[in-house]
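Visitor: fold the following.
(chains A and B)
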Amino acid sequence: MDKFLSIIQKLKYIEAEADYTARSRRFILSISADREPKNFWELFLHTAQVGAAVALTGLLIFLILGGFSGWKSLSPLRLSSLDPASLKAEAQAIDIQIRLTNLQYQEPLSASESTIKEAAIYQRNEAAEPLEQGNTDNEGDQEESLGIDEVLLRLAE
Amino acid sequence: MIDGEERLIKNAIKGRPSAFGSLYDHYQPKIYRFVLIKVGRREEAEDLTHQVFLHAWQNIRTYEHLGFPFSSWLYQIARNQVVDHYRTKRNEANIDQVAEELIVSSSLQLDTELNLELDRVRKAIQKLKPEYQDVIVMRFVEDLSIKEVAVALGKSEGAVKLMQHRALKELRNVLETTHSNG
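Guide: Below is the predicted model of the structure:
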């Protein structure tokens, strides 16, 4: 039995290769351990960091989930008007106006309409001529024309 | 157990690499032997030993010093690593087909006959149940006390004594069988 145990005990002479041991040791110790904070301030900073991270995450979740309801009442854009049905109606109305405007400008004038237009232009010119003449006749009067204040002054005298 | 082990552990928990380096220097050969005897291949033993110490260093904060040697905790990690290793590997190679020369200490004279004897014992130990392997290596190779083995294995001291008795008996049978066959 003693010989049997002594053979087993010789297994303790098994060793790892020195190169492997040095490499493994260097690699492990180059990694920073997950260690506990050294003092109160480190603990405080660590807690503050964690707290800030949690708060920011909460704020982000709040903005994502509850942001639209707040935006609806606060935004000048009035997102409530983004109702699909009203938007569709509005879009259709805009299309109609554009079409009508285009018709007004692009449709070629008919013969009767052009005649009416020409007559209107002729009448406008005729009406303008006497006015021009009248204006030339009154040029002398204009030199004598008085202001209201002056007329009132004269009447008072 | 190293002198001033408790202080080294406290400093290691504070994140001081030099303290953990001292623990590594003391316990790495033991853990390496333990793993090599169980897995049988040098490369695998090196990988697993590296993982054991890496895991220990990264989780040193979780270690609670209860008066037992630090090695008990390391053996627990090593056992889990070996179990995980076999779970993923499922015996890709037959241990009898692996003929690797053991790296022995330079202090021991490299006797061919002794090398063969060591190899024969190692292979015999590998044929035992994992728990028996643990008890044999911890008790007779690493000279741990019954109490220390009980802590490392999570068993009572009585259970360890019983396991040791059965493990030795089974190992003797295996060795006699292989000797008569060889």
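Visitor: any idea how far residue A:40 lies from chain B?
Guide: 15 Å (C-beta to the nearest C-beta, to the nearest Å). The way it works is simple: take the backbone N, C-alpha and C, and place the C-beta from them, glycine included.
Visitor: chain B contacts on chain A?
Guide: A:4-5, A:7-17, A:20-21, A:24-25, A:27-29, A:31-36, A:38 (C-beta under 8 Å from any C-beta of the partner chain).
Visitor: name the residues of the helix or strand hosting residue B:55 that come out as buried.
Guide: Per DSSP states H and E, residue B:55 falls inside helix B:42-58. Residues of helix B:42-58 classed as buried: B:42, B:44-53, B:55-57 (neighbour count, 16 or more other C-beta atoms under 10 Å in any protein chain shown).
Visitor: packing partners of it?
Guide: Judged by 3 or more C-beta pairs under 8 Å, 6 or more residues apart in numbering or on different chains; DSSP states H and E, helix B:42-58 is in contact with helix A:18-30, helix B:17-39, helix B:70-89.
Visitor: any idea of the angle the longest one forms with helix B:70-89?
Guide: This points to helix B:17-39. Going by axes from the mean of the first three to the mean of the last three C-alpha atoms, to 10 degrees, helix B:17-39 is angled at 50 degrees with respect to helix B:70-89.
Visitor: ok but residue B:67 is inside a strand, no?
Guide: No - counting by DSSP: H, G, I helix; E, B strand; the rest coil, residue B:67 is not part of a strand but coil.
Visitor: ok now the helix holding residue B:55, how far from the chain's centre?
Guide: 12 Å (C-alpha atoms, centre = their mean, to the nearest Å).
Visitor: tell me what angle it forms with helix B:17-39.
Guide: 140 degrees.
Visitor: secondary structure class for the closest residue to residue B:170 other than its chain neighbours?
Guide: Closest residue in space to residue B:170, ignoring its immediate chain neighbours: residue B:128 at 5.7 Å, by C-beta to C-beta, 6 or more residues apart in numbering or on different chains. At residue B:128, secondary structure determined by three-state DSSP is coil.
Visitor: was I right to think residue B:128 contacts residue B:136?
Guide: Yes - using C-beta atoms under 8 Å, residue B:128 is in contact with residue B:136, at 7.0 Å.
Visitor: helices and strands around the lengthiest helix in chain A, which ones?
Guide: Using DSSP state H, we find that the single longest helix of chain A is helix A:40-74. Counting contacts by 3+ C-beta pairs under 8 Å, 6+ apart, helix A:40-74 is packed against no other helix or strand.
Visitor: shaky segments in chain B?
Guide: Within chain B, the stretches with pLDDT under 70 are B:90-111, B:179-182.
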